[in-house]
Structures are given as structure tokens and as C-alpha cells.
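A.B. asks: Generate a structure from the sequence data that follows.
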Amino acid sequence: MQKNLLLLFIFLTISFQSSIAQEITYTLVKNISYIPESETSEYANERCKLDLYYPENTTDFVTVVWFHGGGLTGGEKSIPATLKEKGIAVVAVNYRLSPKVKSPVYIEDAAAAVAWTFNNIEKYGGSKEKIVVSGHSAGGYLSSMIGLDKHYLAKFNVDADDIALLVPFSGHTITHFTVRKERGIEGTQPVVDELAPLYFVRADAPPLVLITGDRELEMLGRYEENAYMYRMMKVAGHQHTKLLELDGFDHGGMASPALELLLKEIKPLKKQ
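C.D. replies: Next up is the predicted model:
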């Protein structure tokens with residue numbers, strides 16, 4: 001009897017120690033510059049920074065590159081609390097803003113940050129085959145632009161099709177209203193040109209998950225823009241486009257439940 005109890009105690013001790021050893025710990029590295037020093041200016045030095053939050057005692061993890069919202073005129077990088085301690089890395093990006101810069105500078109910054117992730121995430125234990133690009137509002141627009149218009153990442157010798165998953169939250173699919181404002185075009189005047197994700201619908205794009213708030217509560221036609229994007233990607237022959245509408249949530253409020261959907265969408269990547 002005593003021998004059995006001793007064996008049980010040893011087994012439980014080893015199991016407990018094993019569970020402690022397997023507990024994932026996380027590190028946050030702040031304000032990493034993601035553009036070459038030769039291209040920096042005072043404003044670039046201020047804004048072209050990213051924060052990297054990653055699990056330090058595991059490998060081959062998924063990384064979410066996260067672009068903040070703010071209409072391309074404001075906002076600050078942050079690690080969404082919902083994405084913390086989920087066994088994934090998060091790269092939170094600042095980028096230059098209008099009116100200090102004009103289009104397409106903020107798109108180019110977004111591409112540079114994604115390229116930095118492809119070139120560096122393996123140094124921290126992550127997989128460059130499991131990079132997800134996402135963001136809310138203006139961040140969703142940036143995600144779609146660099147994922148669909150391949151020339152932005154090609155500048156850094158990165159193929160946009162190597163992005164594992166694009167998940168824009170309530171992003172413009174027509175030309176962004178700030179881009180239109182820079183040109184003197186009213187926000188109620190829709191434009192689809194080379195600065196619109198819709199302009200670049202294609203069959204061979206990365207898997208795309210479009211998430212919006214309630215169509216009756218969203219900003220000016222944002223759901224309908226994304227619904228048209230969904231339809232045109234299907235027409236173009238893209239096999240992996242999904243459209244999710246969050247009933248009852250407006251443009252700002254949809255971000256929180258959308259983060260839960262993002263985690264659900266990346267689960268298959270975590271198992272690979």
C-alpha cells in the first residue's frame with residue numbers, strides 16, 4: 001500500500017513538473033525599427049516602429065501582424081488583449097499618417113512591416129509560413145492592399161501570396177476616404193482605382209476572411225463594400241474568401257468580437 005502511494009506521489013510530482021515546464025511564457029520587444037536607416041527621416045524614425053509580442057519557449061508559432069485603425073490620420077500601435085497568451089506572436093505596427101504624408105506612403109510602410117516579419121520572425125522561433133495579416137478599419141484597408149496588390153511586398157522581395165491568411169476588420173475595399181480627401185474628392189463619392197483593394201481581385205490571392213459589423217450600424221456602406229469584394233473574389237475564381245457580418249455591432253464595437261473570430265480562423269494554422 002505504501003509502495004503504491006509512493007509511486008502515485010512520484011507520478012503526480014513528475015506530471016506537475018512537466019506541466020510547469022510546458023507553460024508558455026511571453027516577451028514583449030518594443031519600438032523595433034522596420035525600415036532601412038538609409039530611408040529614414042525624422043518622422044519615419046518616430047512612426048515606423050513595431051512592437052513584437054511572442055512566446056519565447058516554443059517554436060513554429062503563428063504570427064499576426066496587426067495594423068491599428070484611425071482613418072489613416074491617427075491611432076497608435078498596441079497588442080490586442082484578446083490575442084495575448086494564445087500561443088501566437090503579435091506584431092503591432094505604427095505607420096506614417098496623413099496629412100504629414102500622402103498615399104501610398106502608409107501602404108508602403110505597412111508592406112515594410114510585413115516584410116520585416118517575414119525576414120525576422122524565425123529568429124524568434126516563429127514560422128514565416130504562418131504569418132497572418134490583420135487590422136481594424138484603416139488597418140483592415142492596409143492589410144487588404146498589401147495582400148492583394150503584390151507590388152508593395154515585391155519591393156522587399158516578398159511574395160504577397162506567401163501570407164498565410166488576410167483578415168481585415170471593417171476595412172475599405174474601395175479607395176480609402178482619406179486617399180480621396182487628399183485628392184479633393186468627397187467621402188460620399190466612391191472610387192475604385194489602383195488604391196482600392198477591389199481593383200486587385202484575383203484567383204491566386206492568399207485566403208481572405210472579410211469581417212464587418214452590422215450592415216445597418218456600420219460606417220457608410222462598409223458592409224456592402226466587403227460584400228461586393230466577397231462576390232468579385234468568387235467571380236475571379238478565388239476559392240478561399242469568406243464574409244462574416246457581426247449583427248448588433250457598429251464599426252468600432254465590432255473589433256472585439258472580430259478578434260475572437262480571428263483566433264478561430266487561425267486555429268488550423270496552429271495545428272500545421
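A.B. asks: what mean pLDDT does stretch 184-197 have?
C.D. replies: Averaging pLDDT along stretch 184-197 gives 96.
A.B. asks: now do the same end-to-end measure for that stretch.
C.D. replies: Using Cα to Cα, to the nearest Å, one end of stretch 184-197 lies 20 Å from the other.
A.B. asks: Can you list the buried residues in it?
C.D. replies: 190, 195-197 (16 or more other Cβ atoms under 10 Å). For every residue, glycine as well, the C-beta is placed using N, CA and C.
A.B. asks: Tell me the one among those nearest to Leu220.
C.D. replies: Pro190 (9.2 Å; Cβ to Cβ).
A.B. asks: who's in contact with the residue lying closest to the closest one once chain neighbours are set aside?
C.D. replies: Once flanking residues are discounted, Pro190 sits nearest to Ile174: 5.1 Å by Cβ to Cβ, 6 or more residues apart in numbering. Counting by Cβ atoms under 8 Å, 6 or more residues apart in numbering, Ile174 makes contact with 190-192, 196, 198, 225.
A.B. asks: Sort out for me which of the residues you listed are in helices.
C.D. replies: Among these, DSSP state H puts Glu225 in helices.
A.B. asks: out of the contacts of Ile174, what pair is the most spread apart?
C.D. replies: Farthest pair in those, by Cβ to Cβ: Val191 and Glu225, 11.7 Å.
A.B. asks: so where do the helices sit in the stretch 51-200 of the chain?
C.D. replies: 105-120, 138-148, 151-154, 177-182 (DSSP state H, counting those that start in this stretch).
A.B. asks: May I see those arranged in JSON lines, with mean neighbour count and distance to Ala89 as well?
C.D. replies: Listed next are the helices of the stretch 51-200 of the chain as JSON lines, based on neighbours: other Cβ atoms under 10 Å; distance: least, Cβ to Cβ, whole Å:
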{"stretch": "helix 105-120", "mean neighbour count": "22", "distance to Ala89": "9"}
{"stretch": "helix 138-148", "mean neighbour count": "29", "distance to Ala89": "17"}
{"stretch": "helix 151-154", "mean neighbour count": "18", "distance to Ala89": "19"}
{"stretch": "helix 177-182", "mean neighbour count": "20", "distance to Ala89": "29"}
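A.B. asks: Could you dump the ones you listed into CSV with distance to Leu261 added?
C.D. replies: Shown next, in CSV, are the helices of the stretch 51-200 of the chain (distance: least, Cβ to Cβ, whole Å):
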stretch, distance to Leu261
helix 105-120, 21
helix 138-148, 13
helix 151-154, 25
helix 177-182, 25
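A.B. asks: Out of those, which is closest to Val65?
C.D. replies: Short answer: helix 105-120, nearest of the helices of the stretch 51-200 of the chain by Cβ to Cβ, at 5.4 Å.
A.B. asks: so what does that closest one touch, helix or strand wise?
C.D. replies: strand 61-67, strand 89-93, strand 126-136, helix 138-148, helix 151-154 (3 or more Cβ pairs under 8 Å, 6 or more residues apart in numbering; DSSP states H and E).
A.B. asks: Can you list the neighbours in contact with the first one?
C.D. replies: Defining contact as Cβ under 8 Å, 6+ apart, one finds that strand 61-67 is touched by 54-55, 77, 79-80, 83, 87-93, 95, 110, 113-114, 117, 121, 125-127, 130-136, 138-140, 142-143, 164, 262, 266, 269-270.
A.B. asks: Give me the buried entries from those.
C.D. replies: Using 16+ other Cβ under 10 Å, the buried members of the contacts of strand 61-67 are 54-55, 77, 79-80, 83, 88-93, 95, 110, 113-114, 117, 121, 126-127, 130-136, 138-140, 142-143, 164, 262, 266, 269.
A.B. asks: if we can go back for a sec, out of the helices and strands packed on helix 105-120, which gets nearest to Met229?
C.D. replies: helix 138-148 (7.9 Å).
A.B. asks: so that closest one versus helix 105-120, what angle?
C.D. replies: 70 degrees (axes from the mean of the first three to the mean of the last three Cα atoms, to 10 degrees).
A.B. asks: on contacts alone, who are the packing partners of helix 138-148?
C.D. replies: Packing partners of helix 138-148 (3+ Cβ pairs under 8 Å, 6+ apart): strand 61-67, helix 105-120, strand 126-136, helix 151-154, strand 165-169.
A.B. asks: Since that was my last question, I'll sign off now.
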